[in-house]
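# Below is the sequence, then the predicted model.
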Number of protein chains: 2
Amino acid sequence: MRAARLLHLRSLLQTRTQCRANSILSHEPSGPKMNTEIPGPKSKEFIKKLEKTQNPFSTVFVLDVEKSIGNYSVDIDGNVMLDVYEQIASLPLGYNHPSIQKVFQDPKNLSQLVNRPALGVHPTPQFIKQIEEILLPVAPKGLEYVQPMMCGSCSNENAFKAICIWYADKHRDGKPFTDEDLKSSMYNKAPGCPTVSLMSFEGAFHGRTFGALSCTHSKPIHKLDIPSFDWPIAPFPRYKYPLEANERENAKEDEKCLARIEELFHEYKSKQKPVVGVVVEPIQSEGGDYHGSPNFFQQLQKLTNQNGAALLVDEVQTGLGATGKFWAHEYFNLPASPDIVTFSKKFQTGGYFAKAKFQPKQPYRIFNTWMGEPAKMLVLDAILKTVKEENLIENTRKTGDLFLNGLKNVSKQYPQLVLNTRGLGTFCAFDMPSASVRDKFINQMRNAGIQIGACGDVSVRFRPALIFTEKHANIVLNKMVEVAKNF
Amino acid sequence: MRAARLLHLRSLLQTRTQCRANSILSHEPSGPKMNTEIPGPKSKEFIKKLEKTQNPFSTVFVLDVEKSIGNYSVDIDGNVMLDVYEQIASLPLGYNHPSIQKVFQDPKNLSQLVNRPALGVHPTPQFIKQIEEILLPVAPKGLEYVQPMMCGSCSNENAFKAICIWYADKHRDGKPFTDEDLKSSMYNKAPGCPTVSLMSFEGAFHGRTFGALSCTHSKPIHKLDIPSFDWPIAPFPRYKYPLEANERENAKEDEKCLARIEELFHEYKSKQKPVVGVVVEPIQSEGGDYHGSPNFFQQLQKLTNQNGAALLVDEVQTGLGATGKFWAHEYFNLPASPDIVTFSKKFQTGGYFAKAKFQPKQPYRIFNTWMGEPAKMLVLDAILKTVKEENLIENTRKTGDLFLNGLKNVSKQYPQLVLNTRGLGTFCAFDMPSASVRDKFINQMRNAGIQIGACGDVSVRFRPALIFTEKHANIVLNKMVEVAKNF
């Protein structure tokens, strides 16, 4: 008995050490391997079960979370797919990464995992250290205040609120609330609840709760039938590709958008709905992977400042390295940092970084029961350490360069099918001639073992993990050619 | 070496077995034990650190999550407090419950903990089973559809959306969207984004994101400076206590509120902002622990039906047994189930139960990246099994009866200080003569080792875990008398 137990213990220790010593990539399969169409018969059976209690229409396949590994997702029919979408861009280290496994295996973490505190009233010393040692070291330059949240939508909603509070306080010259403020606020009326506005962009996506949804304009199906705030909506640049051949035209596009933004500031001021903040993605993702030039963002920041508003950069999808820089807005060489930067997805925890002036002066204004979660911070810590140790952002930049070049080559081979290739790091995309062609292409790619995503009306987006390497990029490119050839 | 390892392994196994065999209560301290004032010097030091990056004004003390156990929270100054507030009513089994520890210790759960999937597109078979075997068995009668979410606010926001979608589909007679619907929706305009409204109540609390906040009217500080929807706000009954001595007057109060609700339906219909849903807490919690009678809720449901709107009962704070029934609305003997019931807090996961007709017919309308979390479902499973095995709802009902009686006795002893004692199960509260008296009382109770919460303008609320027993109730009551005596 004793010997058997010891042997078991030893083998456990060995497995663990091996896992640590080798990179996750050495545990991956050599490539995709498909057994069935997607969804396969077992997935279909489970989807049928879901129908009884859920809306199953968006379900693609049922995931075998135990067998999925690294860049490869495995479904319950045993199909092995190279996953270049990673749970809607939310897994930075792919599946079952040993550094994240360790978080849950370490008995030292148990009490933090078991007891979720209400961090706004009873923070733990561990959480206070996590703020200092995990979140602040990755803060965008110039942003010294951080507020953890739960998901992307609530990060944006709370950042919007911080902007509204800052703006109102500024216009009150720091004076206390009047009785009229207090009373009217309880009935959703001005002056307590003022008719200020947030400016957002055509094609933008900032989430699906009522405030975030009022700034989302990517697809009608997200917005139909839901009441919305009358807030200004500006055009976001739509460039011609390749960029180097269309510089003059694209610069004009920037000018046109900026002129309209300026107009909207004035229009909403005279409508008594002054713009308190501008909300923008560094790359419009859900809306179709639309990029704005550094010049566009620099001018946008200038206009925003001139109009006394705050600039919020929503890095929920772009943050944590996918573009080859930690924050995508680093590409814009802004003369000063944005006022607020929101994050979620790859961070596992939502939240926002902000300048100190966006910290309300009174308690309970930016508040909820949980205010984030220590367990998620433990996972984020493991992620950030691995990203650093394994140079994963550099990897993403290098792999991204190769991958984008490869996409451009495929586009040259199939110029009627693969259009407007573009990207930063591995955050790449291209357009197709129509939505139906795009949907068919994604479906065929999936059945060839490559899991990619749609965005906008006609675009295909790649959102691989940060452990996506040249080898994986080549598999994707080869499969694209294979699928395109027989399309 | 080998012998030492074996010994270590054995002692680990023993500890675990002991923990399982004994109730958590046997590991609790015998009562509160205070070393310092709250916050103590160590808490103060950490709060100072927080100030650099966070708004620390709501922080009460810094929690020692490792030493806290059962009904007792321990702070980092070593103060042992009987916790009758439980992280804003969010811990059903108190601290470090072995059944929740097991979730994280079981290697079988590892892959579910490590890989958070995008459940809307790639659910896991485990998650589909969790829906069936964990959530559906506790569904309010008549509600067969369930949508997990992240927190209370996003549960309410998405439930609001489901109501708006249902209402619009009904009024379109199931016809497809027009081009005008599609185009206008992208610019936040009607008819795509219609000017419908949700009715809520004075004193209500439904969360702090823009939609939820438009239905929240508990305190101005939550709402000031934030733009809000012009939605109808109805009075919620304000009863005289003791109820049995004020039956006639309280019935009149119901009538008055119901008459105004009926008026508001008509007012907002003629304002072209028809009411699509009524959002109500079974007990207004944050707003001051205001109860409504079964008759009030029955009539409210009738009026809501008559006006073609949906009834949403927000059980974020009341759900999962705290009132002595699993759902607080079970007390109202409604002739039919509410249309939607939202939950969060004690459930660890947010979400809502709904009638099948509130399931949108198209995908991506109720959707986000995560759509809940399998890890939280594992914890919920452990919680619900413990609640069942240990008869914790019955315990809460019995303990609640004793506790409320005890509170009434304290009120008789100190009728100028402790007013309007009320409650269901251990979900109890009382009023004090003023906010400043209340705040001073809560502070003195905390320094005497009892952690309780404030709500409304002048109320004290108790939100113990479901493992709160007669013994704990007596400690609280004795400390109340002690504090009141020297007040």
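Yep, that arrived. Residues are numbered from 1 along each chain as shown, chains lettered A, B, ... in the order given.
# make it CA atoms for all contacts and neighbour counts henceforth
Fine.
# okay, and for the stretch 51-200 of chain A, where does confidence drop off?
For the stretch 51-200 of chain A, applying pLDDT under 70 flags no range at all.
# quick one, helices of it?
Counting by DSSP state H, counting those that start in this stretch, one finds helices in the stretch 51-200 of chain A at the ranges A:86-89, A:98-105, A:110-114, A:125-130, A:152-171, A:179-185.
# Run a quick check on A:Gln444 versus A:Val483, I expect a contact.
Yes. Counting by Cα atoms under 8 Å, A:Val483 is a contact partner of A:Gln444 at 6.8 Å.
# what's the burial count for A:Ala309?
Per other Cα atoms under 10 Å in any protein chain shown, the neighbour tally for A:Ala309 reads 23.
# List the contacts of it.
A:167, A:275-278 (Cα atoms under 8 Å, 6 or more residues apart in numbering or on different chains).
# Tell me the spacing between the closest residue to A:Ala435 other than its chain neighbours and chain B.
Spatial nearest neighbour of A:Ala435, excluding adjacent residues (Cα to Cα, 6 or more residues apart in numbering or on different chains): A:Val458 at 4.7 Å. Counting by Cα to the nearest Cα, to the nearest Å, the separation of A:Val458 from chain B is 17 Å.
# Same question for A:Pro294.
From A:Pro294 over to chain B (counting by Cα to the nearest Cα), the distance is 26 Å.
# Tell me who's in contact with the closest residue to A:Cys151 other than its chain neighbours.
Leaving aside its sequence neighbours, A:Cys151 sits nearest to A:Gly350 (Cα to Cα, 6+ apart; 4.5 Å). Neighbouring residues of A:Gly350 by Cα under 8 Å, 6+ apart: A:148-152, A:154-155, A:342-344, A:372.
# Now distance to A:Arg365 too, for the helices of the stretch 51-200 of chain A, in TSV please.
What follows is these, written out as TSV (distance: least, Cα to Cα, whole Å):
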stretch	distance to A:Arg365
helix A:86-89	31
helix A:98-105	33
helix A:110-114	26
helix A:125-130	20
helix A:152-171	8
helix A:179-185	13
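# Around chain B, which positions in the stretch 201-350 of chain A sit nearby?
Within the stretch 201-350 of chain A, the residues that sit near chain B (Cα under 8 Å from any Cα of the partner chain) are A:202, A:207-211, A:214, A:217-231, A:233, A:345.
# What about those, which are in helices?
Among these, the ones falling in helices (DSSP state H) are A:210-211, A:214, A:220-223.
# mind listing what's buried in the helix ranked longest in chain A?
Using DSSP H to define each element, chain A has its longest helix at helix A:247-270. Residues of helix A:247-270 classed as buried by neighbour count (16 or more other Cα atoms under 10 Å in any protein chain shown): A:250, A:253-255, A:257-258, A:261-262, A:264-266, A:268.
# ok, and the closest non-adjacent residue to A:Glu373?
A:Glu373 sits nearest to A:Arg116 (Cα to Cα, 6+ apart), 6.7 Å away.
# who touches the one you found in this structure?
A:370, A:373-375, B:91 are the contacts of A:Arg116 under Cα under 8 Å, 6+ apart.
# In JSON lines, list those along with neighbour count and secondary structure.
Shown next, in JSON lines, are the contacts of A:Arg116 (neighbours: other Cα atoms under 10 Å in any protein chain shown; DSSP: H, G, I helix; E, B strand; the rest coil):
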{"residue": "A:Trp370", "neighbour count": "24", "secondary structure": "coil"}
{"residue": "A:Glu373", "neighbour count": "22", "secondary structure": "coil"}
{"residue": "A:Pro374", "neighbour count": "26", "secondary structure": "helix"}
{"residue": "A:Ala375", "neighbour count": "21", "secondary structure": "helix"}
{"residue": "B:Leu91", "neighbour count": "26", "secondary structure": "coil"}
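# Columns distance to A:Asp289 on top of these, output as TSV?
Shown next, in TSV, are those (distance: Cα to Cα, whole Å):
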residue	distance to A:Asp289
A:Trp370	33
A:Glu373	31
A:Pro374	32
A:Ala375	32
B:Leu91	42
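# ok, so of those residues, who is nearest A:Phe104?
A:Ala375 (9.2 Å; Cα to Cα).
# and that closest one, what does it touch?
A:112-113, A:116.
# Kindly recompute the last result at 6 Å.
By Cα atoms under 6 Å, 6 or more residues apart in numbering or on different chains, the contact set of A:Ala375 is A:Leu113.
# circling back to that earlier point, neighbour count: A:Gln444 and A:Val483, which is higher?
A count of neighbours by other Cα under 10 Å puts A:Gln444 above the other of A:Gln444 and A:Val483, at 20 against 16.
# So which bits of the helix or strand in which that one is found are buried?
Element membership of A:Gln444 [criterion: DSSP states H and E] is helix A:435-447. Neighbour counts over helix A:435-447 (16+ other Cα under 10 Å) mark A:435, A:438-439, A:441-447 as buried.
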